[in-house]
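build me a structure from this.
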Amino acid sequence: MFGIRIIPFLLVFICIFLSGCHKENGKHTYEMRLMFDSGDVFTDYGTIQEKKIKQRNGQEVHVSIFNGYTFLKVKDNKFVCSYILYLNSNKPVAFANGMTGSFKGDVYFEGTYTQKGSAYTVDDGYFEFIWRNMTTGEPMSSIVYKGKWTLKRK
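Predicted coordinates:
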């Protein structure tokens, strides 16, 4: 009698376990590296959470790296994202004429990902960054700073 009651719970547990196996649910640490064409390199670590989007018939990938991003998975195994980037550096930053401190701007990411099991990898992503004044929000220059980015599970 006791065994009959526990079987439905076991089935539910197995279904939940199996449905969660194909997703990256914050279990592993990822490294994201931004390599500006100016030679500046910024690295941060965080996790990934996947979420299905019913309205768009796609998936979002939430990355808790830097100030947190939501990448959309689009055709041809690409991640795309447009948001705000906050960077901090106590070393001189080349794109900021050797200044140190906090830098804020608009960022656009695009990168083709590969997926082995549940691990995502971006080896040669592309980004554009518009550096903005932290107080006024106005662009600091007319230059759009560019670079490459990577994303790898540690």
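
so where do the strands sit in this protein?
Here the chain has its strands, by DSSP state E, at 30-36, 41-46, 48-53, 58-63, 69-74, 78-93, 99-116, 119-132, 145-153.

okay, the longest one in CSV with CA atoms only?
Put plainly, it is strand 99-116. Presented in CSV, the C-alpha positions along strand 99-116 are these (Å, rounded to 0.1, in the frame of the first residue of the first chain):
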residue,chain,number,x,y,z
MET,A,99,41.8,57.0,-17.4
THR,A,100,40.8,54.6,-14.6
GLY,A,101,37.4,54.2,-12.9
SER,A,102,33.9,53.3,-13.9
PHE,A,103,32.7,53.3,-17.5
LYS,A,104,29.1,53.0,-18.7
GLY,A,105,27.7,52.7,-22.2
ASP,A,106,25.4,51.0,-24.6
VAL,A,107,26.6,47.6,-25.8
TYR,A,108,25.5,45.3,-28.6
PHE,A,109,26.6,41.6,-28.6
GLU,A,110,26.4,39.1,-31.4
GLY,A,111,28.1,35.7,-31.4
THR,A,112,27.7,32.2,-32.9
TYR,A,113,27.6,29.6,-30.1
THR,A,114,28.3,25.9,-30.0
GLN,A,115,26.7,23.6,-27.5
LYS,A,116,28.2,20.4,-26.3
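
can you say which of the strands of the chain is nearest to Glu138?
When those are compared by CB to CB, strand 119-132 sits nearest Glu138, at 6.5 Å. (Each C-beta comes from the backbone N, C-alpha and C, glycine too.)

quick check: angle from that closest one to strand 48-53?
The directions of strand 119-132 and strand 48-53 differ by 90 degrees, with axes from the mean of the first three to the mean of the last three CA atoms, to 10 degrees as the criterion.

for strand 119-132, name the packing helices and strands.
strand 30-36, strand 78-93, strand 99-116, strand 145-153 (3 or more CB pairs under 8 Å, 6 or more residues apart in numbering; DSSP states H and E).

looking at the ones you listed, which is nearest to Gly137?
Using CB to CB, the helices and strands packed on strand 119-132 put strand 99-116 closest to Gly137, at 8.6 Å.
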